[in-house]
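*Asks:* Sharing a sequence plus its predicted fold:
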Amino acid sequence: MLVFICKLTLFMLPKVIFLIEDANQILITANIIQLEKASERYYIEKGDWPKISDKSYNAEQLELPTQQVKDRAGKPVILDKDGQYYNFDYDKLQSYLEEPNKNSVNYIIQNPVGDVYYIDTKNIK
């Protein structure tokens, strides 16, 4: 019986891990959609993006061997070499977000277009 349980566990473990990863990606996608909508509303009202500071990152600073910038579908993004990328100021978005959830993921916003991406440091391939 113990052997059966061990085999079943070994058989199911990859499926469970895949489901957890899939659920995490769904959460990230939902957060990006929410951040995009909140950022657009903030921009319409304030004329600027909800960024922490005017210190920006460029593509070269974000494209490191230890991390990947990904879109809402979890696919790697080819960053615009002339683009400017900023960290979010979540305090500025409090009144625009239903339930802010940073879930320890680093989200960034591109200026001037307002695209939202996230930085993946866990699943580097």
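*Replies:* Done, it's in.

*Asks:* Which parts of this structure are helices?
*Replies:* 2-46, 59-62 (DSSP state H).

*Asks:* How about the contacts made by Ala23?
*Replies:* Listed by CB atoms under 8 Å, 6 or more residues apart in numbering, the contact set of Ala23 is empty. Placement of C-beta: from N, CA and C, glycine included.

*Asks:* Find me the pLDDT at it, would you?
*Replies:* Looking at Ala23, its pLDDT reads 80.

*Asks:* Could you do Ile44 as well?
*Replies:* Predicted confidence (pLDDT) for Ile44: 93.

*Asks:* how far away is it from Lys55?
*Replies:* Ile44 sits 24 Å away from Lys55, going by CB to CB, to the nearest Å.

*Asks:* Val77 too?
*Replies:* 21 Å.

*Asks:* which of those two has more neighbours?
*Replies:* Val77 (17 against 9; other CB atoms under 10 Å).

*Asks:* Would you check that the more buried one makes contact with Asp71?
*Replies:* Yes. In terms of CB atoms under 8 Å, Val77 counts as a neighbour of Asp71; the distance is 5.2 Å.

*Asks:* Least reliable of the helices of the chain by average pLDDT, please.
*Replies:* helix 2-46 (a mean of 78).

*Asks:* Would you mind putting the CA coordinates of stretch 87-104 into PDB?
*Replies:* Listed next in PDB are the C-alpha coordinates belonging to stretch 87-104 (Å, rounded to 0.1, in the frame of the first residue of the first chain):
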ATOM      1  CA  ASN A  87       8.200  51.000 -10.800                       C
ATOM      2  CA  PHE A  88       4.600  51.500  -9.700                       C
ATOM      3  CA  ASP A  89       3.700  53.800  -6.800                       C
ATOM      4  CA  TYR A  90       0.900  51.700  -5.400                       C
ATOM      5  CA  ASP A  91      -0.200  54.400  -3.000                       C
ATOM      6  CA  LYS A  92      -1.100  56.600  -5.900                       C
ATOM      7  CA  LEU A  93      -3.400  53.800  -7.200                       C
ATOM      8  CA  GLN A  94      -5.200  53.000  -4.000                       C
ATOM      9  CA  SER A  95      -8.400  54.800  -5.000                       C
ATOM     10  CA  TYR A  96      -8.300  53.100  -8.500                       C
ATOM     11  CA  LEU A  97      -7.700  49.500  -7.400                       C
ATOM     12  CA  GLU A  98     -10.400  47.200  -6.100                       C
ATOM     13  CA  GLU A  99      -8.000  45.100  -4.100                       C
ATOM     14  CA  PRO A 100      -4.300  45.800  -4.600                       C
ATOM     15  CA  ASN A 101      -2.300  42.700  -4.600                       C
ATOM     16  CA  LYS A 102       1.500  43.000  -5.300                       C
ATOM     17  CA  ASN A 103       1.900  39.300  -4.500                       C
ATOM     18  CA  SER A 104       5.700  39.800  -4.300                       C
END
